[in-house]
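Q: I'd like to go over a predicted model; first the sequence, then the structure.
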Amino acid sequence: MNLTVFGIGYVGLVQAAVLAEVGHDVVCVDVDAAKVERLNQGFIPIFEPGLEALVRENHAAGRIVFTTDASLAVRHGEIQMIAVGTPQGEDGSADLKYVLSVADAIGREMAGPKIVVTKSTVPVGTADKVRETMSAALKARGWEDLSFDVVSNPEFLKEGSAVADCMKPDRIIIGTDSEAAEEVMRELYAPFNRNHEKMIVMDVRSAEFTKYAANCMLATKISFMNEMANLAELLGADIEEVRKGIGSDPRIGYHFIYPGLGYGGSCFPKDVRALIRTAGDVGFEPVLLHSVEARNNAQKAVLFDKLKAHFNGDLAGKTFALWGLAFKPNTDDMREAPSRVLMEALWQAGAKVQAYDPEAMNEAQQIYGQRDDLTLCGTKEAALRGADALLIATEWKNFRAPSFELIRDQLKTAVIFDGRNLYDPAVVARHGIQYVSIGRMAV
């Protein structure tokens with residue numbers, strides 16, 4: 001099938017590459033000419049396992065094309081997929097200016113029937129606005145009789161495993177009231193729907209709401225577990241043992257119940273706030289969502305509070321090794337990462353940071369530039385040298401089995417503040433290192 005994807009960001013690029021991989025002809029369009037040029041040269045702007053090879057191979061085969069030409073892109077695709085950003089507005093709502101700008105462009109350029117698919121995470125009712133915008137553009141051209149369908153097809157990608165999630169989706173949500181559009185969407189996703197039925201078809205508004213409900217449910221699990229971790233610490237319980245105990249219940253499961261420093265990234269924080277705003281717009285008070293957000297904001301300060309208490313409030317002039325900058329492993333994304341809250345609190349207290357992350361070093365450089373109180377180190381071992389303590393903010397695999405002897409010998413004070421509970425406290429203690437983690441008594 002011929003497919004057009006508007007927006008070559010995280011969602012658009014991954015989805016386009018995977019659809020090209022199974023044989024569809026995809027044109028990707030973006031207003032950022034520099035990004036388009038870099039992609040045409042083989043440079044992939046984001047880190048995502050497996051994505052670089054996928055894009056390069058399909059670009060070389062001619063199945064995926066990058067352009068800034070909206071007219072060419074609209075002419076190409078029977079399906080027009082909108083995957084542009086929906087940045088958070090000042091009031092917490094999702095800003096739809098880019099989505100509606102694309103809708104207007106499609107309406108101005110289309111010369112035949114189209115199926116317009118909203119892939120971006122958008123508030124309930126967005127499909128109606130897309131339809132109105134396109135209708136207005138067609139009417140201005142005198143083409144108001146030209147037919148089109150608007151379909152909601154939310155993404156459920158996890159950063160760090162997005163390619164795999166696209167290749168083997170656990171569900172494909174399609175929101176439409178058009179049997180013809182449903183048939184085309186089934187053809188589009190047929191290569192991913194072979195083993196068993198994964199497609200769930202519903203009305204458009206329910207599909208739009210499903211994305212927000214899913215992310216808010218996962219954010220709720222994270223905030224709940226972090227609240228339990230803080231309580232467990234005060235009660236003398238070990239939250240890691242509690243996690244095993246409750247996770248064995250199939251009604252709860254083990255996913256998203258790891259205590260830590262809170263959620264970050266481009267989805268959970270923004271989507272929780274957006275749904276809070278949507279609820280307010282219809283006169284509903286989302287008490288639980290407010291609590292989820294409040295707990296998450298507080299959780300990002302937990303490791304700094306432990307550090308401050310350990311050093312009796314005197315952090316000025318000290319240097320801390322920080323392992324992990326990305327908000328989660330297998331990505332370079334630092335949007336709303338707990339590491340940022342931690343570093344900025346340390347700088348405010350007069351401390352310095354020696355940081356290392358396997359993938360997010362360039363991103364940190366872009367965000368913070370040159371600072372006297374931040375040193376970006378080439379290895380995790382280099383970050384330890386002369387530091388007063390080690391802080392862990394991201395659970396990268398290569399942090400899981402370190403040389404505790406090296407850590408002890410390199411640090412001025414043999415203490416680890418672990419925001420991800422990577423280690424067995426007894427093992428760390430045997431190496432002569434004090435260990436402070438989340439939801440467990442300090443050892």
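A: Received the coordinates, thanks. This is a predicted model, so every value here is computed, not measured. Numbering: from 1, shown residues only.
Q: Please, which helix or strand holds the closest residue to Lys300 other than its chain neighbours?
A: Spatial nearest neighbour of Lys300, chain neighbours left out: Val341 (4.1 Å); criterion: Cβ to Cβ, 6 or more residues apart in numbering. Using the backbone N, CA and C atoms, a C-beta is placed for each residue, glycine as well. Applying DSSP states H and E as the criterion places Val341 in helix 338-348.
Q: In this structure the residue nearest to Lys300 contacts Val302, no?
A: No: using Cβ atoms under 8 Å, Val341 is not in contact with Val302, being 9.9 Å away.
Q: what sits up against the helix holding Val341?
A: Identification of contacts with helix 338-348 by Cβ atoms under 8 Å, 6 or more residues apart in numbering yields 260-262, 264, 299-301, 303-304, 307, 315, 320, 322, 324-327, 334, 352-353, 355, 367, 371, 373-374, 391, 393-394, 419.
Q: Which element is encountered next along the chain beyond it?
A: Assignment by DSSP H and E places the next element after helix 338-348 at strand 352-356.
Q: re earlier: ok, Val341 and Val302, which is more surrounded?
A: A direct count of neighbours by other Cβ atoms under 10 Å for Val341 and Val302 places Val302 higher, at 24 against 21.
Q: can you pull the contacts of the more buried one?
A: Asn226, Asn230, Leu261, Gly419, Ile438 are the contacts of Val302 under Cβ under 8 Å, 6+ apart.
Q: Closest one of those to Arg63?
A: Taking Cβ to Cβ as the measure, Arg63 sits nearest to Leu261 out of these, at 40.6 Å.
Q: residues in contact with that closest one?
A: So Leu261 contacts Gln299, Lys300, Val302, Leu303, Pro338, Leu342, Ala393, Gly419, Arg420, Ile438 (Cβ under 8 Å, 6+ apart).
Q: Tabulate those (a markdown table), appending pLDDT, distance to Ala16 and secondary structure.
A: Below are those laid out as a markdown table (pLDDT from 0 to 100; distance: Cβ to Cβ, whole Å; DSSP: H, G, I helix; E, B strand; the rest coil):
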| residue | pLDDT | distance to Ala16 | secondary structure |
| --- | --- | --- | --- |
| Gln299 | 98 | 35 | helix |
| Lys300 | 98 | 33 | coil |
| Val302 | 97 | 39 | helix |
| Leu303 | 97 | 38 | helix |
| Pro338 | 98 | 31 | helix |
| Leu342 | 98 | 35 | helix |
| Ala393 | 98 | 32 | coil |
| Gly419 | 98 | 35 | coil |
| Arg420 | 98 | 33 | coil |
| Ile438 | 98 | 38 | coil |
